[in-house]
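Enquirer: have a look; sequence and predicted model below, questions after that.
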Amino acid sequence: MFVPRRVFLTKGVGIHRDRLASFELALRDAGIEKSNLVSVSSILPPSCKMIPKEEGLKLLSPGQITFCVFARNSTNEPNRLVSAAIGVAVPKDPGIYGYLSEHHSFGEVAKKAGDYAEDLAATMLATTLGIEFDINKAWDERKQIYQASGLIITTTNISQSTEGNEEGLWTTVFAAAVFLD
């Protein structure tokens, strides 16, 4: 049984005439191109420690099967805005699991995409913890409610957005939460 004990966040952009090659370049920009990525769903294991990207990258080996929650988006339309984001919500109690969320969109700057992903992860955790809130309230208002509950200690996100290449080359954005044992 593999239960990750560490996680790090990373992001990247790639541009190439081939869609797959633009994805590869986004992975290179993110620093995880040498891993065999396995996409998993949205649970942040209990007591999983967030570490800096630089520290996490040193722990990866070429060819390693690497579990992650990731978001990616691509376009070959000149100047079309693409984004990818990962949201994180960590409970105060280290014995309880948290949430990760992925979000990929068009027409959103990185901040908007990141806030959306963070809101989604926090909302999933809040509902699990039984925190009462009005889903129709703005993210900033709900974030204050979540933090005031004392049950959620941290929310954050990593996001990447860019405009499609002017010449119509494939442009890929990528964001990930990468799990380590």
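Expert: That came through, no problem.

Enquirer: state the distance from the spatially most central residue of the chain to residue 140.
Expert: For the chain, the residue nearest the mean C-alpha position is residue 86 (1.9 Å; Cα atoms, centre = their mean). Remark: distance between residue 86 and residue 140 (Cβ to Cβ, to the nearest Å) = 20 Å. The C-beta positions use only the backbone N, C-alpha and C, and glycine is treated the same way.

Enquirer: about what we covered before: you'd agree the residue nearest to the centre of the chain is in a strand?
Expert: Yes - checked against DSSP: H, G, I helix; E, B strand; the rest coil, residue 86 lies within a strand.

Enquirer: so it sits against residue 10, correct?
Expert: No - the pair residue 86 and residue 10 fails to qualify as a contact (Cβ atoms under 8 Å) at a distance of 9.1 Å.

Enquirer: got any residues that touch both of these two?
Expert: Contact criterion Cβ atoms under 8 Å, 6 or more residues apart in numbering; residues shared by residue 86 and residue 10: 158, 175-176.

Enquirer: what comes up buried for the worst-scoring helix or strand of the chain on mean pLDDT?
Expert: Within the chain, no helix or strand scores below helix 139-148, which has a mean of 82 by mean pLDDT, DSSP states H and E. Neighbour-count burial for helix 139-148, counted by 16 or more other Cβ atoms under 10 Å, picks out 142-143, 145-146.
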